[in-house]
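J.: dropping the sequence and predicted coords here.
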Amino acid sequence: MIRLEGLEKTYRNGGLETRVLQGIDLTVKEGEFVALMGSSGTGKSTLLNILGCLDVPTGGRYLIDGVEVGGMDDAERSRVRNEKIGFVFQQFHLLPRADALANVLLPLVYSRNYPKDARERARGLLGLVGLHDRMHHTPGQLSGGQQQRVAIARALVNQPRLLLADEPTGNLDRASTTEIMELFRRLHRAGNTIMMVTHDEDVAASASRVLRMSDGMIVADEVRQP
Ligand SMILES: Nc1ncnc2c1ncn2[C@@H]1O[C@H](COP(=O)(O)OP(=O)(O)OP(=O)(O)O)[C@@H](O)[C@H]1O
Ligand SMILES: [Mg+2]
């Protein structure tokens, strides 16, 4: 599903060059649950943002479903993002004045064909993440773990091929972290492809494969038995 060949990212700010990704080769198959680990500043978010079509590489190739993303313009890239990718962030990025249902519906509002069953789909997803009785609560009326579950439902509403999560439990306590990881395991069992950045070995233990990055390279790649 994902193929990276010699992927590079160099930031240029004025005369200053920062080489962040230094030639990453990686294949991720449909249905894998990958945890991406590594110390701060090694390029995990940079890599995830490129995979999520939020940023572009400066070298190498990125193919999703066999299609090269590198040659695309902004509009084509956002179309790939809308059609294929769901993104979950550490800071949940929910609209504060909208209720849970409206937050989950949001990506569909931007999609080219608003599905007839949108509201039903959003309600179903809020049920899936255990929030059937919180549909009309705003983020301020929800706990951190509940807000993250709304954000996960929102990421799934476009039925993405790939779910990306950057430290999804980074702002959560133990109990909420356990809930979110149970949800990710359930999504994995249902066949979703997931790539998640985490600093937490306990969180990474839910994944079927663990990648470790150091200085912009993948230095370990371990497949785990479920
Ligand atoms: N826009 C930018 N311009 C210049 N350098 C940047 C930019 N964004 C990120 N970097 C640099 O790229 C490196 C990797 O950043 P990145 O956010 O990918 O790290 P990370 O592995 O996600 O770290 P953390 O675990 O702290 O989230 C860092 O050294 C950072 O300073
Ligand atoms: Mg990061």
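T.: Yes, it's here. Ligands and ions are numbered 1, 2, ... in the order given.

J.: check which helix or strand covers residue 12.
T.: Here residue 12, judged by DSSP states H and E, is contained in strand 2-13.

J.: ranges for the strands of the chain?
T.: Per DSSP state E, the chain carries strands over the ranges 2-13, 16-28, 33-37, 59-64, 67-68, 85-88, 162-166, 193-197, 209-214, 217-223.

J.: now the longest one: average pLDDT?
T.: With pLDDT averaged residue by residue, strand 16-28 scores 96.

J.: and for residue 126, the neighbour number?
T.: When neighbours are counted by other Cβ atoms under 10 Å, residue 126 registers 23. For every residue, glycine as well, the C-beta is placed using N, CA and C.

J.: so who does it touch?
T.: Counting by Cβ atoms under 8 Å, 6 or more residues apart in numbering, residue 126 touches 100, 101, 104, 132, 134, 135, 150, 153.

J.: repeat the analysis, applying 10 Å as the threshold.
T.: Residues near residue 126 by Cβ atoms under 10 Å, 6 or more residues apart in numbering: 100-101, 103-104, 132-135, 149-150, 153-154, 157.

J.: centre-most residue in the protein?
T.: Centroid-nearest residue in the chain, with Cα atoms, centre = their mean: residue 164, separated by 1.5 Å.

J.: and that residue, bridged to which residues?
T.: According to DSSP bridges, the residues that bridge with residue 164 are residue 87, residue 195.

J.: mind listing what it touches?
T.: The contact partners of residue 164, taken as Cβ under 10 Å, 6+ apart, are 34, 36, 47-49, 51-54, 85-89, 155, 193-197.

J.: now the buried members of those.
T.: When the contacts of residue 164 are checked for burial by 16 or more other Cβ atoms under 10 Å, the buried set is 34, 36, 47-49, 51-53, 85-89, 155, 193-197.
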